[in-house]
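[1] sequence and computational prediction follow.
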Amino acid sequence: MRFFKNIITLLSVFSMIFLTGTTMAQAKAKAKPLKIGSILAVTGPASFLGDPELKTLKMYIAEINAKGGINGHKIEFVHYDTKGKAKEAKNFVNRLIKKDKVDIIIGGTTSGNSLAVIDLVQRAKVPFISLAGSIKIVEPVKKWVFKTPHTDKMAAEKIFTDMKKRGIKKVALITGNGGFDKSGRAQCLAMAPKYGIKIVADEQYDNADTDMTTQLTKIRATDAQAILNFGFGKAPAIVAKNIKQLGIKLPVYESHGVASKKFIELAGAAANGIRLPAAALIVADQLPANDPQKKVLLAYKKKFEAKYGPVSTFGGHAYDALFITVDAVKRAGSIDRAKIRDEIEKTHGFVGTGGIFNMSPTDHLGLNLSAFKMIEIQNGNWKLLY
Amino acid sequence: MDQLLQFLISGLTVGSIYALVALGFSIIYNASDVVNFAQGEFVMIGAMSAIFMLKAGLSYPVAAFLSIALTAAVGLALEKFAIEPAKNATVVTTIIITIGASIFLRGAALLIWGKEIYGLPPFTSNNPIRIGNATILPQNLWVMLGTAVAVLAVKYFFDRTRMGKAILACSFNKKAAYLVGINVKRMLLVSYGLSAALGAAAGLLVTPITFMSYGSGVMLGLKGFCAAILGGMGNSMGAVLGGLLLGIIETVGAGFISSGYKDAIAFFVILIVLFVKPSGILGKEEAERV
Amino acid sequence: MKRLSGFVLFALACIATPFIFPDNYYVTVVGLTIFVNIILAVSLNLLMGYAGQISLGHAAFFGLGAYSSAILTIKYGVNPWAAMAAGALFVLVLSYVLARPILRLKGHYLAMATLGLGIIVHIFFVQADQLTGGPDGISGLPTLSLFGVPIDSDMKWYWVLCSYMLLSVLFSLNIADSRAGRALSAIHGSDIAAETMGINTSKVKSHIFVFSALMASVAGSLFAHQQNFVSPESFSFFFSIELVTMVVLGGLGSTFGAVIGAFLLSILPEVLIVFEDFEVLIFGAILIVIMIFLPEGLFVALRNKATMLLSRRLGES
């Protein structure tokens, strides 16, 4: 009998939750706005990526709606925080597709999150614009999947190009154990021979580690001519400080993962002299006046900084994804998923914060190496090299 | 082999951080047999509150003092509002309460201080000190000094003071402690307050090296827990020994075997130690009560 | 039969749900997560609740099952069911070898050892990228078919996972009532007392350890095929702790306690989404409040209360 009673309670809780779910879904089905869903890692280890992304999306969607929407379609924005976990990303994309019935999905802050949901969006035939770095997201090309950030492969190539210019042939690699880091490491290992560069050390650390002097001591004992650290978050700042502590005088390269003022703030003086490839956004004011991106960049920077504080390139990826979508909807003249997808693929000459996008059926990113700028940190500030 | 010296020094610097966190576990454990999973959050709260007090313009000593006091207050509140009301709970249930508390405190820190990572300026100069071919930062020495002071203080507290002995008595037998006139409730309260204060002090010491964000307490707490177990739970000397050993195993493992697998190597060694000595290096083999 | 009336009702409820709420997100998507979590919580409860052995590494066995399926089917073209069996066999051997030394440990030291085991396995998933795909994981598992029917829709997965979940619950209920189950309860009370009653405690404990690991491994294989994707963070020590929380929250030592705990902790994040940044805070608070007011666990406390009220009413009449 006691079981009976409890099962009844359980059942009523079950049904209450389901009922609210279904009624909410029905209530929402009546209006006809453009529904943009997003899954971003707003908390968790990748929050410094996801947080500016979400802020950017919210800020511009509010602006677009205030101006009456796109071709009269107001944007309805549904967002879920994945905390950087692939399982959550999967569940939330399922929720966006099946419960919220969105027209397009922007997000997947981390490569792991993006890769986890590709299969779902492909099957559900929902356009998906990823905000993550890995080249695996768009290579090979998947019909419904696009992305806006530069790939880790491009970062590796940009860094190696610069090293070649400086006559560096032997490089020590030190990377974290996260998805971004490991994917970047794999690209570095794969690309190095193409540029005549030999990787003489391949060390790793855990992203929560507090000291990397051990790995760097090993690197010091090699004949490396430069150190390349592929990572994000606080770890690269610790690496930079440890390099200085050990008195290592080699040139240091970081990836685009540290392209935020936070890195300079945390690493302090140890950041000076470090080079990294990054989107033009962080050096927008140093661009020549005739640079086609300059206007877009300064406008975004001004708007974001007025509301939230220092801008990072990561929020820019969200800006690009949103306005590629907006343009596609305008051209499609409809909010039909398939039509939006076709128009995104036709994106041509779109001036974004990450570069000038030219997509095609064989290229779902549409950026080339020129979209990356080589930057050096001087006196605690970004300096555009070329 | 001149690398070995740096590996050992690096191991000691990392290890002293673990040791400092591990010490915090031992106080609450000694009072109630409970491993407090929110210990890492005490470290985080101490550091984060100090960071924001400094930002608000307070001087370093004032910010340090206030942040330790604030964290101690959080510890007291945790005991008063979450542990004490569940007085009939088993050890496992209490542990789940501390897990809940750690999630709650992390959530609160997220709301109050946001998601950014912050650092603290080092106590003294940032110029590395050379020892042979190896280097160490002055802040690392501060951490070691802090660990030494903390372990002596904790040891003195439990061995020599009335209150420390009373707390120990509570964990051996609550009822008996009550019968000899010990205010068990107050002892528990004190142990949470002290633990939190110690955690906050650890946070202040390590943040110039490790940086801090609302989620940093988790890994620090985990490593501290491992160190405490390795050394023998509840034994303050064991906590320090465990911490230093864990640090050295990690760096030597990373240095000579593989930096990618260094944590796996460390856990493997812990497992082997436990198989040989089931209650940690300095832990006492306990007779089971029937 | 009265003994199983609770189970029958529970099974009926699970079977009826998709008919009452067809094509509902909470049934076909969240429902699947709930089923997997119930299986894991029930298997962990066998170890924790009946044998009194805490484990902070349960996610490792779940992960080993999932990765065995993913690696063997994709990289070596093994039949999915054979891969699942191979994974289970591997977990069986591993857990059998580890059972004795690990279960010699007690309390927090046992917690540490299982935690260490879980973390080592997790690091392996992250680092052995040639085999495991590293942090990005492996996607594109082949479709599982049962009796020639491909399991390729959420609804079909609902029935498959539901069946396995119900089997696990039934198995767990039966163990509790068997001779072995009574031996287990004795262990939870006291090893020495059980030994003096002629029960080979270490043997019973290690059998349960292996059983529990096996259940988790098979659940992992099914999870991998259902998700069509595996990546390390689904099997981290955070998930192990979440599983322990499910068991204790529902009521340690009660099969339905584990069911309720798993249900609640799976559905809670879905409900709390609306609170955005407050989600973490509220989740922690709910956990604390339940444990303070119902320290025996949600289900066990409610059941005891219900029994008490019932007997009082019977006494009055």
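    Received, thanks. Since we're looking at a predicted model, the values are computed, not measured.

[2] what ranges do the strands span in the stretch 1-150 of chain B?
    With DSSP state E, counting those that start in this stretch as the criterion, the stretch 1-150 of chain B has strands at B:129-131, B:134-136.

[3] how about the residues of the stretch 1-150 of chain C near chain A?
    C:5-6, C:9-10, C:13, C:17, C:20-21, C:24-30, C:33, C:126-127, C:129, C:134-137, C:139-140 (CB under 8 Å from any CB of the partner chain). Yep, even glycine has a C-beta here, placed from its N, CA and C like the rest.

[4] what's the most buried one of the strands of the stretch 1-150 of chain B?
    Among these, strand B:134-136 has the highest mean neighbour count (mean count of other CB atoms under 10 Å in any protein chain shown), at a mean of 20.

[5] surely residue A:229 is in a strand?
    Yes: Residue A:229 sits within a strand when classified using DSSP: H, G, I helix; E, B strand; the rest coil.

[6] quick one: low-confidence parts of the stretch 151-290 of chain B?
    Regions of the stretch 151-290 of chain B meeting the criterion pLDDT under 70 cover residues B:285-290.

[7] show me the longest helix that occurs in chain B.
    Longest helix of chain B, by residue count under DSSP state H: helix B:2-32.

[8] briefly note if that one comes near chain A.
    Yes: with CB under 8 Å from any CB as the measure, helix B:2-32 is seen reaching chain A through B:3, B:6-7, B:9-11, B:13-14, B:17.

[9] ok, of the residues of the stretch 1-150 of chain C next to chain A, which come out buried?
    C:6, C:9-10, C:13, C:17, C:21, C:24-30, C:33, C:126-127, C:129, C:134-137, C:139 (16 or more other CB atoms under 10 Å in any protein chain shown).

[10] quick one: is stretch A:182-201 near chain C?
    Yes: contact of stretch A:182-201 with chain C (CB under 8 Å from any CB) involves A:182-183, A:186.

[11] can you give me the strands for the stretch 251-386 of chain A?
    A:252-254, A:275-279, A:348-351, A:356-358, A:372-378, A:381-384.

[12] mind putting those strands into a markdown table with mean pLDDT?
    Output for the strands of the stretch 251-386 of chain A, formatted as a markdown table (pLDDT from 0 to 100):
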| stretch | mean pLDDT |
| --- | --- |
| strand A:252-254 | 94 |
| strand A:275-279 | 91 |
| strand A:348-351 | 87 |
| strand A:356-358 | 89 |
| strand A:372-378 | 91 |
| strand A:381-384 | 89 |
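
[13] contacts only, for residue B:150.
    Contacts for residue B:150 (CB atoms under 8 Å, 6 or more residues apart in numbering or on different chains) come out as B:20, B:23, B:198, B:201-202.

[14] do residue A:152 as well
    Residue A:152 neighbours (CB under 8 Å, 6+ apart): A:133-135, A:180, A:183-184, A:187, A:230, A:255.

[15] what does residue C:82 give?
    Per CB under 8 Å, 6+ apart, neighbours of residue C:82: residue C:72.

[16] same thing with residue B:112?
    By CB under 8 Å, 6+ apart, the residues touching residue B:112 are residue B:48.

[17] just for the stretch 1-150 of chain A, where's the confidence low?
    Low-confidence segments of the stretch 1-150 of chain A, defined by pLDDT under 70: A:1-31.

[18] tell me which residue of it lies closest to chain B.
    Chain B sits closest to residue A:47 of the stretch 1-150 of chain A, with a gap of 4.0 Å, by CB to the nearest CB.

[19] and the nearest residue to that residue once chain neighbours are set aside, how close does it get to residue B:177?
    Using CB to CB, 6 or more residues apart in numbering or on different chains and skipping residues adjacent in sequence, the residue nearest residue A:47 is residue B:115, 4.0 Å away. As judged by CB to CB, to the nearest Å, residue B:115 and residue B:177 stand 44 Å apart.

[20] repeat that for residue A:246.
    From residue A:246 to residue B:177 the distance is 52 Å (CB to CB).

[21] flag every residue of the stretch 101-250 of chain C that's near chain B.
    Proximity of the stretch 101-250 of chain C to chain B, by CB under 8 Å from any CB, involves residues C:101, C:104-109, C:111-113, C:115-117, C:119-120, C:123-124, C:127, C:190-193, C:237, C:241, C:244-245, C:248-249.

[22] nearest to chain A within the stretch 101-250 of chain C, name that residue for me.
    Relative to chain A, the nearest point of the stretch 101-250 of chain C is residue C:135 (3.8 Å; CB to the nearest CB).

[23] so that residue touches residue A:182, yeah?
    Yes: using CB atoms under 8 Å, residue C:135 is in contact with residue A:182, at 5.3 Å.

[24] which residues are in contact with both of these two?
    Residues touching both residue C:135 and residue A:182 (CB under 8 Å, 6+ apart) are residue C:126.

[25] which residues touch residue C:131?
    Applying CB under 8 Å, 6+ apart, we find residue C:131 in contact with C:71, C:75.

[26] mind checking the SS state of it?
    Put simply, residue C:131 is helix when judged by three-state DSSP.

[27] now, the buried ones among the residues of the stretch 1-150 of chain C next to chain A that are in helices?
    Of those, the ones assigned to helices by DSSP H are C:6, C:9-10, C:13, C:17, C:25, C:33, C:126-127, C:129.

[28] is residue C:145 in a bridge, and if so with what?
    residue C:150 (DSSP bridges).

[29] around it, how many other residues sit close by?
    When neighbours are defined as other CB atoms under 10 Å in any protein chain shown, residue C:145 has 14 of them.

[30] surely residue A:258 meets residue A:236?
    Yes: proximity of residue A:258 to residue A:236 meets the contact threshold set by CB under 8 Å, at 4.9 Å.

[31] more neighbours, those two?
    residue A:236 (29 against 26).

[32] contacts only, for residue 151.
    Reading this off chain A. By CB under 8 Å, 6+ apart, the contact set of residue A:151 is A:133-135, A:138-139, A:187, A:365.

[33] hmm, I had chain B in mind actually
    Residue B:151 neighbours (CB under 8 Å, 6+ apart): B:19, B:23, B:236-237, B:239-240.

[34] out of those residues, the closest to chain A would be?
    Nearest to chain A, judged by CB to the nearest CB, of the contacts of residue B:151 is residue B:19 at 12.9 Å.

[35] now that closest one: how far from chain C?
    Noted for residue B:19: a distance of 16 Å to chain C, by CB to the nearest CB, to the nearest Å.
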